[in-house]
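Enquirer: pasting the structure only:
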């Protein structure tokens with residue numbers, strides 16, 4: 001599999017949904033396989049909240065492959081002997097694209113908390129500029145899970161000619177109060193931590209000792225990615241062997257796992273980027289600029305494949321059912337396939353239980 005990683009700078013204004021403007025911006029991206037002569041074999045993969053453009057393969061010295069490596073590669077579901085797969089780091093993320101801690105213009109200081117609020121539509125608009133520069137006028141398919149699914153839906157609504165196939169996994173048409181509540185815990189933990197310094201921290205401040213408020217907020221959010229069943233299966237009521245049962249701060253295995261996950265994540269992900277991205281997730285609503293959800297979805301021309309997971313407590317299956325039923329009520333039932341995967345893993349199933357849904361992706365691509 002041929003892997004290419006790069007970035008493009010756009011010395012132009014990006015007009016945002018809020019009415020504000022970003023004067024210049026960078027898009028980091030990674031591609032797999034080769035674009036054919038007529039540039040008709042591109043599949044766009046949109047990453048989720050904490051993902052990046054590194055979706056598959058390994059960088060030199062890495063022990064861990066990209067976040068969707070089991071699905072992307074030669075003779076895999078997203079077959080790179082056949083397709084040209086591209087994944088772009090979203091606007092606001094800290095992995096190479098423009099974000100609150102990077103300058104929008106060379107020689108200018110980062111905007112930090114003066115960076116404008118961005119939306120899913122803004123992220124997709126920026127990516128469309130990149131696709132145009134690369135000569136990709138139309139994608140064979142677009143696919144994404146969670147926040148990536150929001151981007152895929154946004155493409156269908158706002159750029160209906162860009163693709164004929166949309167695949168959404170573990171996602172929604174509008175973020176629910178339940179999901180917003182988990183994000184609120186993370187945002188409060190970050191901004192109320194004294195070491196956050198109103199966003200004026202240095203990058204190296206958290207390399208050794210991560211922001212505690214961020215780590216705690218991430219722990220809360222991580223609970224929503226799992227499920228009671230998966231946590232019971234993984235940890236049960238097992239206690240840490242070196243901790244005393246009657247020590248006040250002695251820990252169950254699940255507690256140690258939450259600490260490890262929260263604090264390690266807070267070392268590698270920028271807190272400003274995190275609060276900007278969860279803000280974009282919170283305000284996502286595909287019907288916001290329309291009279292109704294049906295008024296929004298009527299713009300979609302692509303065939304949609306919706307994959308929900310029964311154990312998903314963050315974006316529950318009924319949220320994807322609402323998309324299917326709305327299309328059916330519009331007389332467009334033949335343009336949507338809905339599948340609910342029997343999974344107890346939780347929201348993160350789309351990153352783990354590949355064998356339970358990969359054939360739905362294959363079927364959607366082959367149609």
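Expert: Here it is on my side, so go on. Everything quoted here is computed from the prediction, not taken from an experiment.

Enquirer: so what's the residue minimising distance to the centre of the chain up against?
Expert: Per CA atoms, centre = their mean, the C-alpha nearest to the average position across the chain is that of residue 48, at 1.1 Å. By CB atoms under 8 Å, 6 or more residues apart in numbering, the contact set of residue 48 is 144, 145, 146, 147, 148, 351. Just so you know, the C-beta spots here come from the backbone N, C-alpha and C atoms, and that holds for glycine as well.

Enquirer: also residue 305?
Expert: Each residue near residue 305 by CB under 8 Å, 6+ apart is listed here: 165, 166, 167, 168, 336, 337, 339, 360, 361, 363, 364.

Enquirer: possible to save the residues you listed as TSV with secondary structure, distance to residue 234 and neighbour count?
Expert: Shown next, in TSV, are those (DSSP: H, G, I helix; E, B strand; the rest coil; distance: CB to CB, whole Å; neighbours: other CB atoms under 10 Å):
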residue	secondary structure	distance to residue 234	neighbour count
165	strand	35	19
166	strand	33	28
167	strand	28	27
168	strand	27	30
336	strand	34	21
337	strand	32	17
339	strand	25	18
360	helix	26	19
361	helix	26	19
363	helix	31	12
364	helix	31	20
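
Enquirer: follow-up on the earlier one: tell me how far the residue nearest to the centre of the chain lies from residue 79.
Expert: When distance is defined by CB to CB, to the nearest Å, residue 48 is 22 Å away from residue 79.

Enquirer: residue 182 touches residue 222, doesn't it?
Expert: No. Assessed by CB atoms under 8 Å, residue 182 is found out of contact with residue 222, at 9.2 Å.

Enquirer: mind giving me the ChimeraX select for the contacts of residue 48, buried ones only?
Expert: For the buried members of the contacts of residue 48, the matching ChimeraX selection, counting by 16 or more other CB atoms under 10 Å, is:
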select :144,145,146,147,148,351
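
Enquirer: for the stretch 201-350 of the chain, just list every one of the strands.
Expert: 303-309, 336-341 (DSSP state E, counting those that start in this stretch).

Enquirer: same question for the stretch 1-150 of the chain.
Expert: Using DSSP E, counting those that start in this stretch, strands in the stretch 1-150 of the chain cover 3-10, 14-15, 21-22, 25-32, 42-46, 72-73, 78-79, 84-88, 141-145.
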